[in-house]
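In: Generate a structure from the sequence data that follows.
(chains A and B)
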Amino acid sequence: MTSQDIRNQFIQYFKNRDHKFIRSAGVVPFDDPTLLFTNAGMNQFKGIFLETETADHPRVVNSQKCIRVSGKHNDLEEVGRDTYHHTFFEMLGNWSFGDYYKEEAIKMAWELFTEVWKIPKDKLYATVYKDDDEAFDLWSNVTDIPKDNILRFGEKDNFWEMGETGPCGPCSEIHVDVGGDPAINGSHPELGVNTDNPRFMELWNLVFIQYFREADGSLSELPSKHVDTGAGLERIVACLQGKTSNYDTDLFTPIIDEISSLTGVNYDPGETGMTHRVIADHVRMLTFAISDGALPSNDGRGYVLRRILRRAARFGRNLGMNEAFIYKLVPTVVKIMGDAYPELHERVAYIQKVIKSEEDSFSQTLDRGLQIFSGLIKENKSAGRSLISGEDVFKLYDTFGFPVDLTSLMAEEEGFTVDLTGFEALMTVQREKARQSTQFKQTTTQGAEWKVLQAGIHSDFSGYSQHRLDTSVVQVLETQDKFFLILSQTPFYAESGGQVGDTGRIYNAGMELRVLDTRKDGDAIIHETKLISGKFNEEAAIAEVDVKRRSDIIKNHSATHLLNAALRKVLGDHVKQAGSLVNEDHLRFDFNHFEKMSKDELTKVEKLVNAEIRKNTPVNIRQLSFDDARAEGALAFFGEKYGDEVRTVKFGDYSHELCGGLHVNASGDIGFFRIESESAIAAGVRRIEAVTGQTAEGNARRERAVLDQLRHILASDIHDLGTKVQNLLDEKKSLEKQVKSLSFDQAASVLEEIVKKAHVIAGVNTVSDIVEVPDTEALKDLGSELMILMGSGVGILGTVIDEAPYLVCVVSEDVIAQHKLKAGNIVRELGRKLGGGGGGKPQMATAGGKDAKALKDVIAGVYEMIGALLG
RNA sequence: GGGGCCGUAGCUCAGUUGGGAGAGCGCUGCAUUCGCAUUGCAGAGGUCGGGAGUUCGAAUCUCCUCGGCUCCA
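Out: Next up is the predicted model:
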């Protein structure tokens, strides 16, 4: 039985029992900032448990792509060490939303395991929460599991919670005894179940959600009870294929074989095989994460990808792979998983490109680290030490990303020891700092309570066709200066898919509210309003959208679709939307692309979009099933969660996307499209900002005004402006040089006269005079020139620039040596007399001050001063 | 979200309590050579990422900002 069969049988089993199959959500959650990656099948149903969304189907089954890289049971550094933990895995699950409960859930699980899949009954163990007698009795009465195989555990193992507060409840797990050597693994189940003993493997967790955990820690009963189950596919496959290691199943063996053939090192199922296991596990995670829109970067989830990739690359180096190779494994992963997750097929080349470039950049990081490391060794050796301090190890790792284990290894080769304790201490400090500074965002509505006037109604949106309608307030929340409203029906579009929320007003005879913003919370559309006049009342009201603003927004939104299509035509199909903002002023579109777009490419894109606008193609908006929409080639946004029925927006054959937003009636309404900028937003992500309609026209007009002005000033044809300005700049530069050299020559011409006036003080040639120079730079140059003329001695030149006095002092080497005169010391004293300061090197120093009138006396007083210094 | 490091000539980088902007490679010219490689000499090329501040004086110190690298959450 293949893994593919097993996955399908699970889904089919529940489909036969009235469950609706729901596609896996992306591994990159699109609307949950608290979650780094989708880590359980229930993530996409969270809103249903929280009662902000209603379920479309009471019974659901799916196979969810999951990523777990942290948490108490899955430390990244442990993956690969054992045979059953993964960063990426699939979670099979069935759900009941207020439908069946414990009895059916237990019965079905038992039947699937023992009747369909024929797992021996005496090898299975069921665990229940210690106080959940109901579940305990069900296991003993509705299944034929051996009585001794039902075990009770406490909160840690058998009570499931979503977070600090929220839905929760007892759970019941099914474990399997995979056998093995009792001498090593032990035999008594109580010694094995829920310990880290690999002989007893958890296969399936059935969660019974019946409580809500309040903020004060107390539990209250939920009005409806839910079932949420999760079974790790990898483990079930291992069990059914009679393997003791997940890595020996057909989910992994092709990848491991490929690693062996690439590296020429055969897989060892024991300890040394960790290398193969780590790489196989990590390449799956990377393939799925990147296919769902994540990219390696330096923070957030991108950073997790980078760490995973580097860990795999490091293990690769242990197998002698010093060049990029992980990307070569991607086609194998896609071969195994592509049928279950067709999105992989579309993106193989893209995923490989991303992984390859990240592998290459890691090589660079390592090379740089090696250089710094050898510097450290050299420094320590010359200081007679053979210990690398914790600070140095930390700096190598923290600042330059050089792996600690590599540092240790290489230090050892050099006969050095490494202060790992010191390193760990610094890491702890770093972690603490980061943890303390993590703050949670406060929502504007925090602290106040919603007042419910009519329950169960959530602002039906009717704004696709209307912008003004009669409605009533069904919920209201009042804060210090605002009212948040939920209406029975609303024409206001809530922020979604990058399109900003509508503004406008809600009013009746007794009040007028200005709508500042509109957004979604689950199914509810919330209007953020401010009272303009009258007194807030709960009577029927008129809701009216600001039509002018909306018309500007929809132009930009439709233009975004045309831009997306044009980018794919000009740059290629690897272009994926990575973010979007559409408001009344402009549009911002982020997308995956590897290099800066050329002028030529930008022009092509702009031309394509405007050509499509001129065609005036009518928009075609339809509701159809997700699968049909995809079959027709409609573009879906990465990771977005779509229902079964989706809305598609199509402009002729040109652009076709899934989209819930508002659009123009025909492309011609956009009027005119202009790209204003293209820039880098992160590695591999570019951003285009553009404008449409009147804004674009206005920008063009403003630019022409500037050009007109320039043309006028330069008396030039528009085409010659560039060369003309360039010529002017070149000319200016060369003139400046000429002026500088002329004025220097002029100043230098008086030097000979000045040198003739030199005083000889105690055998030292001394010169002190006032010159005219354009800037302090020239004064310094003149100083050097003076010393060349004098050959030996002390020279001081003063000048006034912009009413401030400046001095330069030069002293020849022989005078420094014989008389201990230093230019820096001389100038420091003179600077003070000018109301400033000064300093420099023994050979040359400068000073300045504020009192220009004192300059003459200071220059005249130099001879006396030098005389005193020479004794 | 919180730290660390980096941004200097076309490229790789140096620049030591703040005191004349440098090296190697590359480029241009001249010489060497039948020609090329080589070698020698000369030269061009810089808003020291950007802005503000402190100072007589900032590549250097402080603050802000942009870009890159890196660690932690």
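
In: Contact partners for A:R549?
Out: Contact partners of A:R549, counting by CB atoms under 8 Å, 6 or more residues apart in numbering, are A:502-503, A:584. From N, CA and C alone the C-beta is placed, and that goes for glycine too.

In: Kindly supply the ChimeraX command isolating those of the residues you listed that are buried.
Out: For anyone working in ChimeraX, the buried entries among the contacts of A:R549, judged by 16 or more other CB atoms under 10 Å, can be selected with:
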select /A:502,503,584
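
In: filter the contacts of A:R549 down to the ones near RNA strand B?
Out: With respect to RNA strand B, and counting by CB under 7 Å from any atom of the strand, no part of the contacts of A:R549 is in contact.

In: Include distance to A:G422 when you put the contacts of A:R549 into a markdown table, please.
Out: Converted to a markdown table, these look like this (distance: CB to CB, whole Å):
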| residue | distance to A:G422 |
| --- | --- |
| A:D502 | 58 |
| A:T503 | 57 |
| A:E584 | 56 |
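
In: got the contacts of A:R549 as TSV, with secondary structure and distance to A:A294 columns?
Out: Compiled in TSV, those are given as follows (DSSP: H, G, I helix; E, B strand; the rest coil; distance: CB to CB, whole Å):
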residue	secondary structure	distance to A:A294
A:D502	coil	32
A:T503	coil	34
A:E584	coil	31
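
In: which of the contacts of A:R549 lies closest to A:A854?
Out: Of all the contacts of A:R549, A:E584 has the smallest distance to A:A854: 63.1 Å, by CB to CB.

In: So the closest one versus RNA strand B, what's the distance?
Out: Relative to RNA strand B, A:E584 is positioned 23 Å away (CB to the nearest atom of the strand, to the nearest Å).

In: List the residues that contact the nearest residue to that residue once chain neighbours are set aside.
Out: Using CB to CB, 6 or more residues apart in numbering and skipping residues adjacent in sequence, the residue nearest A:E584 is A:D552, 4.1 Å away. Listed by CB under 8 Å, 6+ apart, the contact set of A:D552 reads A:584-585, A:693-695.

In: Restricting to C-alpha, output the helix or strand that A:M285 is a member of in PDB.
Out: Here A:M285 is covered by helix A:274-291, with elements defined by DSSP states H and E. Only the C-alpha atoms of helix A:274-291 are listed here, as PDB (Å, rounded to 0.1, in the frame of the first residue of the first chain):
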ATOM      1  CA  MET A 274      21.100  11.500  10.500                       C
ATOM      2  CA  THR A 275      22.700  13.500   7.700                       C
ATOM      3  CA  HIS A 276      20.500  11.900   5.000                       C
ATOM      4  CA  ARG A 277      17.400  12.200   7.200                       C
ATOM      5  CA  VAL A 278      17.900  15.900   8.000                       C
ATOM      6  CA  ILE A 279      18.400  16.800   4.300                       C
ATOM      7  CA  ALA A 280      15.400  14.700   3.200                       C
ATOM      8  CA  ASP A 281      13.200  16.300   5.800                       C
ATOM      9  CA  HIS A 282      14.400  19.800   5.200                       C
ATOM     10  CA  VAL A 283      14.000  19.700   1.400                       C
ATOM     11  CA  ARG A 284      10.400  18.700   1.800                       C
ATOM     12  CA  MET A 285       9.800  21.700   4.100                       C
ATOM     13  CA  LEU A 286      11.600  24.100   1.900                       C
ATOM     14  CA  THR A 287       9.800  22.900  -1.200                       C
ATOM     15  CA  PHE A 288       6.300  23.300   0.300                       C
ATOM     16  CA  ALA A 289       7.000  26.600   2.100                       C
ATOM     17  CA  ILE A 290       8.500  28.200  -1.100                       C
ATOM     18  CA  SER A 291       5.700  26.800  -3.200                       C
END
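
In: Which secondary structure elements does that helix sit against?
Out: Helices and strands in packing contact with helix A:274-291 are listed as strand A:59-67, strand A:88-97, helix A:253-263, helix A:300-318, helix A:330-337, helix A:343-346, helix A:348-382; criterion 3 or more CB pairs under 8 Å, 6 or more residues apart in numbering; DSSP states H and E.

In: buried stuff in the shortest one?
Out: When you say that, I think you mean helix A:343-346. Neighbour-count burial for helix A:343-346 flags A:343-344 (criterion: 16+ other CB under 10 Å).

In: For it, give the mean pLDDT please.
Out: Here the mean pLDDT over helix A:343-346 is 88, rounded to a whole number.

In: Quick one: distance of it to the chain centre.
Out: Shown here is helix A:343-346, whose average C-alpha point lies 23 Å from the average C-alpha point of the whole chain (CA atoms, centre = their mean, to the nearest Å).

In: Remind me what it packs against, helices and strands.
Out: Helices and strands touching helix A:343-346, as assessed by 3+ CB pairs under 8 Å, 6+ apart, comprise helix A:274-291, helix A:330-337.

In: Deepest in the core, which of those is it.
Out: The highest average neighbour count among these, using mean count of other CB atoms under 10 Å, belongs to helix A:274-291 at a mean of 26.

In: Can you say which of the helices and strands packed on helix A:343-346 is nearest to RNA strand B?
Out: Of all the helices and strands packed on helix A:343-346, it is helix A:274-291 that lies closest to RNA strand B, at 14.4 Å by CB to the nearest atom of the strand.

In: So which bits of the helix or strand that contains A:I613 are buried?
Out: Secondary structure assignment for A:I613, by DSSP H and E: helix A:599-615. For helix A:599-615, the neighbour count (16+ other CB under 10 Å) marks A:601-602, A:604-606, A:608-610, A:612-613 as buried.

In: Switch the helices and strands packed on helix A:343-346 over to CSV; also include mean pLDDT.
Out: Compiled in CSV, these are given as follows (pLDDT from 0 to 100):
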stretch, mean pLDDT
helix A:274-291, 93
helix A:330-337, 96
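
In: Including distance to A:V227, could these go into CSV?
Out: Formatted as CSV, the entries for the helices and strands packed on helix A:343-346 read as follows, by distance: least, CB to CB, whole Å:
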stretch, distance to A:V227
helix A:274-291, 27
helix A:330-337, 27
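
In: Of all these, which one is nearest A:G579?
Out: It's helix A:274-291; of these, that one is closest to A:G579 (CB to CB) at 16.1 Å.

In: do the closest one and RNA strand B meet at all?
Out: No - if you take CB under 7 Å from any atom of the strand as the test, helix A:274-291 misses RNA strand B, and the best it gets is 14.4 Å.

In: tell me the angle of that helix relative to helix A:330-337?
Out: Comparing the axes of helix A:274-291 and helix A:330-337 via axes from the mean of the first three to the mean of the last three CA atoms, to 10 degrees yields an angle of 80 degrees.

In: so how far is helix A:274-291 from its chain's centroid?
Out: With CA atoms, centre = their mean as the basis, the distance from the averaged C-alpha position of helix A:274-291 to the chain average is 20 Å.

In: on that earlier part again, ok, so of the buried residues of helix A:599-615, who is nearest A:F373?
Out: Distance to A:F373, by CB to CB, is smallest for A:E601 among these, at 41.8 Å.

In: is it true that that closest one touches A:L571?
Out: Yes - judged on CB atoms under 8 Å, A:E601 makes contact with A:L571 at a distance of 6.7 Å.

In: ok so, going back, which of the contacts of A:D552 are buried?
Out: Neighbour counting over those (16+ other CB under 10 Å) leaves A:584, A:693, A:695 as the buried ones.

In: which ones are touching the last one?
Out: To tie it back to what came earlier, the one meant is A:T695. A:552, A:585-586.

In: Please name the residues that touch A:H561.
Out: For A:H561, the contacting residues are A:649, A:651, A:655, A:657, A:659, A:663, taking CB under 8 Å, 6+ apart as the criterion.
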